[in-house]
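> Just to be clear, the model below is a prediction. Sequence and coordinates:
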Amino acid sequence: MLSLFANENMKLYRRPRTWILVALIVAIVLLTGVLMKGHEQPVAANWKQTLIAQDQQLTHEAGQRAKHIPAFARNLEVQIKTNEYAISHDLPPQASTAWSFSTQVEQEAVGALLTVFVAIIAGDIVAGEFTGGTIKLLLTRAQTRGRILLSKYLAVLLFSVVLMAVTFAASLIVGGALFGFTGASAPYIYMNASGQIQQMNVVAYLLANYGFNSISLLMTVTIAFMISTIFRSSSIAIALSIVLLFIGDTIVQVLASYGWDKYILFANTNLSQYFFNGPTITGMTLGFSIIVLAVYFIVMNGLSWYVFRKRDVALT
Amino acid sequence: MDGQPAMQLRNLTKRVGKKTLVDHLTFDIPKGEVFGFLGPNGAGKTTTIRMMVGLMSISEGQVLIHGMDIEKQFTEAMRHIGCIVENPELYKYLTGYQNLRHMARMSKGVTEARIEEVVALVGLQNRMHDKVKTYSLGMRQRLGLAQALLHKPSILILDEPTNGLDPAGIRELRDHLRKLAREEDMAVIVSSHLLSEMELMCDRIAVIQNGKLIQVERMGDMGLSGVDEQTVAFEVDDASLAESVLAEHFQVAVQTSVDESSRLTLTLSREQVPEAVKLLTERGVRLYEVKAQRKSLEDTFLEMTGDESIA
């Protein structure tokens, strides 16, 4: 089993493609850092006035076009409440630090990219063997198909961990170099699930973000891996996985009027909604989402396993 | 284990939907021989081979490898098998050596020394650390053979191994396979639709058509030698004299054709040929050529499979 895992890793990391993905992540982190440094503004002494002005503008906007789009209106509301909290607790906006930069990179710049890159690798890892005909090498050895599939799944999981670690390390190093490592004890202001504004340490928030994201990446791996196993063509598997992952949130919103849309996988992948900002669909709980995710996880992996074991390797 | 065939097919059947691709094949494949699997395109050769190496599920019947059922004891059975199914597919972005490392990790007890041994056997020492995408087809074939032999299998299965090889490559492969069968007592199974190729390579041939077994024969028995009656052609200077002499002596019909040279053909037994030569010479007929027109494997094959075209 260990040697099969070693094989999969060898095949993964001996390909230039894998390293191009890693290099792209580093490049984007670097670019984000440079751009943010260029637009950095010192915290003004009259920051309270600025926030009050901002609040007025946001309230105005909420009454105008935002009222037709519930999600947008909600965002504005959170923003306004956060500002009010900062003013009343005398918490000035923090200058960027390595910690806040790393969080921002993960949320706004690289997060979606991680999903795409993981989908590329997971989508190709089984289908690629079929496309290249090399599946025949794997399946005509004294190894069961289940073990071969498991070794591939584990290799993709390791790759996701590597990508996350690269993002984490790169964003901290770039952030530290540009903004300094100070301010590790600074507060992060957020709205919790029950609508109260609270604060937590930035470093804790950073780690929580990576934690929640790793769960959604795990589901991404599982979906792309299943598609890869079923479709046997790496281009179809990669394209389909990425499309599915991107329209996933849209599907949830489109189907929001139906009662069963909370059972859709994509409504549950982001567990941070139970800690920050509250669930997108009211009435969902953390326990509910965990059960839904677990069911999807078992069904999708079970399907991959069943299809892979039963499949006739016909003319390729 | 001695005396037992290396591989046994028992009523091996593959159905896909309503079509029966392979229909109750039963035969044994002995050790130490090159076993040919012959049939026109679409006869079910590749499907059979895919079932023999576990790439396809078996609808009915069994494949036994040294007595072990390939479905029930897959890993134990597969330990004895090395194969190339169709083209030698390899990881083109890895080097030859990395490809072999990859295969070595999948089998028990393949040492670094064994990898070197196999590389030397197929003569790829100088290119081992180049990426496979830079290899020629012949080199890929050799690397494919190396990966198939790596874990010292006792059964080697090659599907259409001569596809895309030049004559020198085919000859090299043929010598290689015969050597493996002779010296390592390996059962080598080769499939092909190229009759001439099989004729040179195999000790025994199974002919299949439409998924059914037509015949399993040792090469020597397939009308190639030792057959009693054969058509013999004589090229002589005086056709009419020769014709009367031969017709009178052997009491058989003699066909004469006189085009550029005078040629007589008649059916004689093997022992009668020198007799006829002696007779003609004694009567003063000048003899330029005597040729036994043996039935080629191709004729036998066409006879066996009938004339209907499949492909």
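Nice, I can see it. Residues are numbered from 1 along each chain as shown, chains lettered A, B, ... in the order given.

> Going by C-alpha atoms from here, please, whenever you check contacts or count neighbours.
Will do.

> And for B:Ile214, the neighbour number?
By other CA atoms under 10 Å in any protein chain shown, 16 other residues sit near B:Ile214.

> ok, now A:Lys11?
Around A:Lys11 there are 19 residues (other CA under 10 Å).

> Distance of it relative to chain B?
Using CA to the nearest CA, to the nearest Å, A:Lys11 is found at 8 Å from chain B.

> Now the residue lying closest to that residue once chain neighbours are set aside: phi and psi?
Leaving aside its chain neighbours, A:Lys11 sits nearest to B:Leu94 (7.6 Å; criterion: CA to CA, 6 or more residues apart in numbering or on different chains). The phi and psi values for B:Leu94, taken as degrees, to the nearest 10, are phi -100, psi 160.

> B:Leu94 reaches A:Pro16, doesn't it?
No: in this structure, B:Leu94 is not within contact of A:Pro16 by CA atoms under 8 Å, at 10.8 Å.

> Pick out whichever of these two has more residues nearby.
Between B:Leu94 and A:Pro16, B:Leu94 has the larger neighbour count (other CA under 10 Å), namely 20 against 10.

> so who does the more buried one touch?
Counting by CA atoms under 8 Å, 6 or more residues apart in numbering or on different chains, B:Leu94 makes contact with A:Lys11, A:Arg14, A:Arg15, B:Lys131, B:Val132.

> Give me the buried entries from these.
Buried subset of the contacts of B:Leu94 (neighbour count, 16 or more other CA atoms under 10 Å in any protein chain shown): A:Lys11, B:Lys131, B:Val132.

> which residue does the stretch 101-250 of chain A bring closest to chain B?
A:Ala142 (4.2 Å; CA to the nearest CA).

> Surely that residue is in a strand?
No: under DSSP: H, G, I helix; E, B strand; the rest coil, A:Ala142 falls outside any strand and is assigned coil.

> shouldn't it be in contact with B:Met106?
Yes: the pair A:Ala142 / B:Met106 is scored as a contact, 7.2 Å apart, by CA under 8 Å.

> And these two? Which one has more around it.
With neighbours defined as other CA under 10 Å, A:Ala142 and B:Met106 compare such that B:Met106 has more, 23 against 19.

> What's the separation between the more buried one and B:Arg270?
55 Å (CA to CA, to the nearest Å).

> now do B:His24
From B:His24 over to B:Arg270 the distance is 39 Å, taken as CA to CA.

> Likewise for A:Gly278?
Counting by CA to CA, the gap from A:Gly278 to B:Arg270 is 98 Å.

> What of A:Ala45?
117 Å.

> More neighbours: these two, which one.
With neighbours defined as other CA under 10 Å, A:Ala45 and B:Arg270 compare such that B:Arg270 has more, 17 against 9.

> Just to check, that one is in contact with B:Gln230?
Yes: shown here, B:Arg270 and B:Gln230 form a contact pair, counting by CA under 8 Å, at 7.2 Å.

> Tell me where chain A has strands.
Along chain A, the segments classed as strands by DSSP state E run A:187-191, A:197-201.

> Turn those into CSV, including mean pLDDT and mean neighbour count.
Formatted as CSV, these follow (pLDDT from 0 to 100; neighbours: other CA atoms under 10 Å in any protein chain shown):
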stretch, mean pLDDT, mean neighbour count
strand A:187-191, 83, 19
strand A:197-201, 85, 16
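
> Nice, that's everything, thank you.
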